[in-house]
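# Predicted model and sequence below, questions to follow.
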Amino acid sequence: MLLYADENQLNDPVVPLEDMMGRLTLSFDVIDGEGEVLNYTFIHCNHDWMPTQIQRMQYAAGFESDRLDNYAFSRNTLIEYVNYQLKFPTEDMMPLLSGNYLLIVYGDDLNDLYFTRRFMVVDDKAYVGATVPRYPDDLNLTNTHQQLNVKVNMNNYLTGNIQQYSFLTIRQNGRWDNAAESLKPTYVYPDYISFEHHPKTVFEAANQYRRFNTSNFYFQSENLAHIRQTDESYEIDIATCKSRAREAYVTYEDIHGEKFIYVEDENMDNATEADYCRVNFFYESEAPLTHENLYIMGALNDWCFNESNKMTYEYQLHGYTCSMVLKQGYYNFMMVTLDRDTNEVRTDLTAGNHWETNNIYKMYFYFYNTLKGYDELIGYSVVNSH
């Protein structure tokens, strides 16, 4: 499933309030689908992604829902699927306010839910900037963590209730599990506010994401151990992964955990002629983890943690295995642990943490509109850690 802005799969689904028409693209597949006509709608949410209490007519123009009938069947693929495409917002259904929105795709009614996805509409009234100092407040984290110091220039939007009505969210790459949400200003100055010296703005630095490319089944590219074709599908073995926790940091280009769906042949349609394949992962480990579960993290599973990307320890193989069915393209991924008691996701045991890691941080600044009763998204920015 892809949801992105301005024709670039790697873009966040964020569009400006004053110019949003048709700038978001939704693309998804239903494997073994029959081409059913689906429906979609969206709801407005607060900064914490809880539905707002304002009426729909206040935040949306047009119909309450619309049909999702632009679909096409896959061609010349071993695994058959139906691809759905949507360009929105449209004149038939358009957001009227800035803020967070939840896109809902469903069948006959909302009880027949297919999926939900987040998108944002920003009304740029504030400038959000950040720095990543070499030394965090806690010097014990100097080599393993990255701390953000954020400054928001609100121009003429400052009010006496800035401390009460402003909220900041920070995401590391595409992750929501470790997002710093609902942050309050540390300092309020006459012309700007700052978010500094807060433990929530300190992130595990992690490591560069591992990568593989399945855009050509007839070429064994980097990190692919084996490619084979069965009667039902193509099957690919990813090169054995090991813990990088004790290894020196090595820099290389990645796409920050994202995915880019495409086939190498430029004459083929990425949406309907890219095939699916079974991708097998193996993580070498002499013994299973005692207090954590092991997961494959990244956009390849929409940054979720569930049974599809949970690894299983195989004693006879001395390692963890997991198989995922993925569409052809370029992928980033990282092995991470999830604590069974706290559900905290960590990278220190598997990927290692290095201050030098090239992460991107996405910052969303909200201000509560007291007259209309909702959280405006008035600032959005992306900064690189280095």
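Everything's here; your move.

# any weak-confidence spans in this structure?
The model of the chain has pLDDT under 70 over residues 158, 160.

# do that again at 90, thanks
32-37, 69, 108, 154-163, 189-191, 231, 266 (pLDDT under 90).

# who's in contact with Ile261?
2, 9, 27, 270, 274, 327-329 (CB atoms under 8 Å, 6 or more residues apart in numbering). For glycine as for every other residue, the C-beta is placed from the backbone atoms N, C-alpha and C.

# Got the phi and psi for the nearest residue to it once chain neighbours are set aside?
Spatial nearest neighbour of Ile261, excluding adjacent residues (CB to CB, 6 or more residues apart in numbering): Gly329 at 4.0 Å. Main-chain dihedrals, Gly329, degrees, to the nearest 10: phi 160, psi -170.

# wait, isn't Gly329 in contact with Thr214?
Yes - using CB atoms under 8 Å, Gly329 is in contact with Thr214, at 6.4 Å.

# With neighbour numbers in mind, choose between those two.
Thr214 (27 against 19; other CB atoms under 10 Å).

# Hmm, that one is touching Tyr331, no?
Yes - contact criterion CB under 8 Å: Thr214 and Tyr331 qualify, at 7.4 Å.

# Next, count neighbours for Ser194.
Per other CB under 10 Å, the neighbour tally for Ser194 reads 15.

# Let me know whether it touches Val150 as I believe.
Yes - proximity of Ser194 to Val150 meets the contact threshold set by CB under 8 Å, at 6.6 Å.

# can you give me the helices for the stretch 151-300 of the chain?
Counting by DSSP state H, counting those that start in this stretch, the stretch 151-300 of the chain has helices at residues 162-165, 270-273.

# Check which residues of the first one are buried.
Think helix 162-165. 162, 165 (16 or more other CB atoms under 10 Å).

# now stretch 264-274
Neighbour-count burial for stretch 264-274 flags 268, 270-274 (criterion: 16+ other CB under 10 Å).

# Distance to Glu247 added to these, as JSON lines?
Formatted as JSON lines, those follow (distance: CB to CB, whole Å):
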{"residue": "Met268", "distance to Glu247": "38"}
{"residue": "Asn270", "distance to Glu247": "35"}
{"residue": "Ala271", "distance to Glu247": "39"}
{"residue": "Thr272", "distance to Glu247": "41"}
{"residue": "Glu273", "distance to Glu247": "39"}
{"residue": "Ala274", "distance to Glu247": "34"}
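
# Greatest separation within these: which pair is it?
Greatest spatial distance among the buried residues of stretch 264-274 (CB to CB): Met268 and Ala271, at 9.8 Å.

# any idea which of the buried residues of stretch 264-274 is closest to Arg244?
Among these, and counting by CB to CB, the member closest to Arg244 is Ala274, at 30.2 Å.

# Leaving out the residues flanking it, which one is nearest to the closest one?
Ala274's closest residue in space is Gln328 (CB to CB, 6+ apart), at 4.1 Å.

# Quick one: residues contacting that neighbour.
Going by CB under 8 Å, 6+ apart, Gln328 touches 214-215, 217, 261-263, 274-277.

# can you check Tyr40 too?
Applying CB under 8 Å, 6+ apart, we find Tyr40 in contact with 26, 65-66, 68, 86, 88, 103-106.

# And Val336, by the same measure?
Contact analysis of Val336 by CB under 8 Å, 6+ apart lists 294-295, 297, 345-347, 350-351.

# how about a cut-off of 7 Å?
Residues counted as contacts of Val336 (CB atoms under 7 Å, 6 or more residues apart in numbering) are 295, 297, 345-347, 350-351.

# ok, those vs Ser385, which is closest?
Among the contacts of Val336, and counting by CB to CB, the member closest to Ser385 is Thr347, at 14.4 Å.

# right, and the closest one touches Ala206 too?
Yes - shown here, Thr347 and Ala206 form a contact pair, counting by CB atoms under 7 Å, at 4.2 Å.

# Thank you kindly, that will do.
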